[in-house]
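K.L.:
Make a model of this:
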Amino acid sequence: MNNNPDLHARATALSQQVGSTRRHFLLGSAGVLASVPLLGLAPLARGEEPKSLPDYAAWKERNALIVHSTNTMETRRDAIGAGVVTPSDRLFVRNNLPTPPVDVVENADAWEVSIEGVRNPRSLTLAELKNMNVTSVTTVLQCSGNGRAFFPHGASGTQWSVGAAGCVVWTGVPLKDVVEELGGVEDGMSFITNTGGEELPAGLDPKTVIVERSVPARALETAILAWAMNDEPLPLSHGGPLRMVVPGYYGVNNVKYVKRVAFTDKETDAKIQASGYRIRDVGKSGAPEQPSMWEMNVKSWITTPLEKTHKGRNLIYGVAMGGAVAVESVEVSTDGGETWQEARFVGPDLGQYAWRPFVFATDLSPGEVRLVSRATSASGETQPKGRTDNERGYGHNGWEDHGVTVQVS
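P.N.:
Numbers count the residues shown, from 1 in each chain. Below you'll find the model as predicted:
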């Protein structure tokens with residue numbers, strides 16, 4: 001355990017930053033739940049978007065978001081910007097269940113999480129976690145279905161384009177430090193199983209709706225229990241007061257409102273793990289033997305220009321990530337992938353799990369151009385041209401679909 005007083009002071013300061021100017025981070029879900037169906041998913045008619053956001057996300061920048069439902073909001077491609085860190089009020093939202101009541105973040109330090117599968121299992125409050133250690137890590141947070149809208153078979157689920165992703169600075173305690181404080185992991189444990197603290201709908205088998213995900217035990221080396229996001233207390237809409245963050249893994253594994261962290265010898269049998277978030281052929285049902293949506297893959301896309309631009313000198317911007325490893329380089333093509341030239345990264349490198357904004361300067365002639373980008377990771381993996389078709393439209397990183405057609409005049 002690290003008892004560095006400076007670290008403790010920083011953690012305490014973060015937990016006290018909620019003031020009158022930041023009350024929007026703590027707006028609850030009470031107003032929206034009355035109008036939300038059983039699992040909180042209220043899809044909108046095709047092409048329809050509400051003028052306002054649900055209460056729990058009312059603090060977000062409405063014009064930066066595409067609202068797919070009360071529980072799913074996508075960052076617009078033109079709102080991603082050229083910065084490394086995604087502003088919290090522009091970050092996408094994906095909830096599997098309605099959020100807990102607002103009082104859980106108003107009294108954040110009282111939140112408890114049970115740690116199991118260790119030699120000295122016990123429950124810890126958030127206040128106790130903050131006294132163990134503190135670290136920060138910058139990661140890409142991305143929904144498994146980011147890019148689903150490009151699948152031709154009409155994969156079910158939210159029709160994300162590119163905006164179910166963002167780059168976030170998380171602050172919390174390394175899970176490894178918590179485990180060491182509790183005597184270490186019991187022998188024979190192969191997975192870390194994390195359980196969310198949402199209230200479950202009555203009358204249903206809990207295993208069919210509970211948010212409970214297992215990841216390989218190797219994630220212990222990098223996972224953190226996070227209580228802050230972008231140097232603010234973790235808001236309710238993003239898992240506050242406490243969230244499991246597994247760098248390099250798809251968003252579903254970064255369990256919100258985490259109430260239980262268990263080291264287990266096998267994966268959970270909850271539906272979201274056993275058959276959900278599995279890579280399977282189109283028309284096939286999900287099953288435990290299929291690949292699970294764990295580590296992310298290498299990916300990039302253009303963020304500007306998108307529809308129209310001027311002839312002559314142009315700066316083409318985008319973002320690139322390596323997935324579970326660092327991104328090494330990114331190329332841009334202005335002719336739909338016939339020829340490629342290397343782009344330049346912009347801004348600081350915030351670590352292997354962060355994305356890197358990029359820019360490419362070029363002269364464009366009048367007419368229609370197809371702008372595409374392809375990234376290469378530090379392990380040598382390069383974005384493919386096409387997609388891997390699968391039933392739920394997961395893991396799409398093909399550069400062809402992610403390009404944009406721009407009219408130059």
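
K.L.:
Give me the contact list for stretch 268-276.
P.N.:
The contact list for stretch 268-276, computed with Cβ atoms under 8 Å, 6 or more residues apart in numbering, reads 96, 193, 207-214, 252, 267, 285-288, 292. The C-beta positions use only the backbone N, C-alpha and C, and glycine is treated the same way.

K.L.:
Under the pLDDT cut-off, which ranges of the stretch 51-200 of the chain? List them.
P.N.:
Low-confidence segments of the stretch 51-200 of the chain (pLDDT under 70): 51.

K.L.:
mind listing the helices for it?
P.N.:
For the stretch 51-200 of the chain, the helices defined by DSSP state H, counting those that start in this stretch occupy 103-106, 126-130, 175-181.

K.L.:
Using a markdown table, lay out those helices together with mean neighbour count.
P.N.:
A markdown table is the format used below for those (neighbours: other Cβ atoms under 10 Å):
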| stretch | mean neighbour count |
| --- | --- |
| helix 103-106 | 18 |
| helix 126-130 | 21 |
| helix 175-181 | 19 |
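
K.L.:
Which of the contacts of stretch 268-276 fall within helices?
P.N.:
Of the contacts of stretch 268-276, the ones assigned to helices by DSSP state H are Lys207, Thr208, Val209.

K.L.:
For the first one, give me its contacts.
P.N.:
With contact taken as Cβ under 8 Å, 6+ apart, Lys207 is in contact with Asp269, Ala270, Lys271.

K.L.:
As CSV, those with distance to Tyr257 would be great.
P.N.:
Formatted as CSV, the entries for the contacts of Lys207 read as follows, by distance: Cβ to Cβ, whole Å:
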residue, distance to Tyr257
Asp269, 21
Ala270, 15
Lys271, 18
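
K.L.:
Which members of the residues you listed are classed as buried?
P.N.:
With burial judged by 16 or more other Cβ atoms under 10 Å, the buried subset of the contacts of Lys207 is Ala270, Lys271.

K.L.:
Looking at the contacts of Lys207, which one is closest to Arg387?
P.N.:
Nearest to Arg387, judged by Cβ to Cβ, of those is Lys271 at 25.6 Å.

K.L.:
where's the closest one relative to Asn146, distance?
P.N.:
22 Å (Cβ to Cβ, to the nearest Å).

K.L.:
Likewise for Pro233?
P.N.:
To Asn146, Pro233 is 26 Å away according to Cβ to Cβ.

K.L.:
Of the two, which one has the most company?
P.N.:
Shown here are Pro233 and Asn146; by other Cβ atoms under 10 Å, Asn146 has more neighbours (29 against 21).

K.L.:
Quick check: chain neighbours aside, which residue is closest to that one?
P.N.:
Setting aside the residues directly before and after it, Asn146 is nearest to Ala164 in space (Cβ to Cβ, 6 or more residues apart in numbering), at 4.0 Å.

K.L.:
residues touching that neighbour, list them.
P.N.:
Counting by Cβ under 8 Å, 6+ apart, Ala164 makes contact with Glu74, Thr75, Phe92, Arg94, Gln142, Cys143, Gly145, Asn146, Thr158, Gly251.

K.L.:
close enough to count as contact, the fifth one and Cys167?
P.N.:
Spelled out, it's Gln142. No: at 9.5 Å, Gln142 does not count as touching Cys167 under the criterion of Cβ atoms under 8 Å.

K.L.:
Comparing those two, which residue is more hemmed in?
P.N.:
Ranked by neighbour count (other Cβ under 10 Å), Gln142 and Cys167 place Gln142 first, with 28 against 24.

K.L.:
if I pick the nearest residue to the more buried one once chain neighbours are set aside, what's in contact with it?
P.N.:
The shortest distance from Gln142 to any residue other than its chain neighbours is 3.9 Å, reached at Ala165 (Cβ to Cβ, 6+ apart). Ala165 sits next to Thr75, Phe92, Val140, Leu141, Gln142, Cys143, Asn146 when contact means Cβ under 8 Å, 6+ apart.
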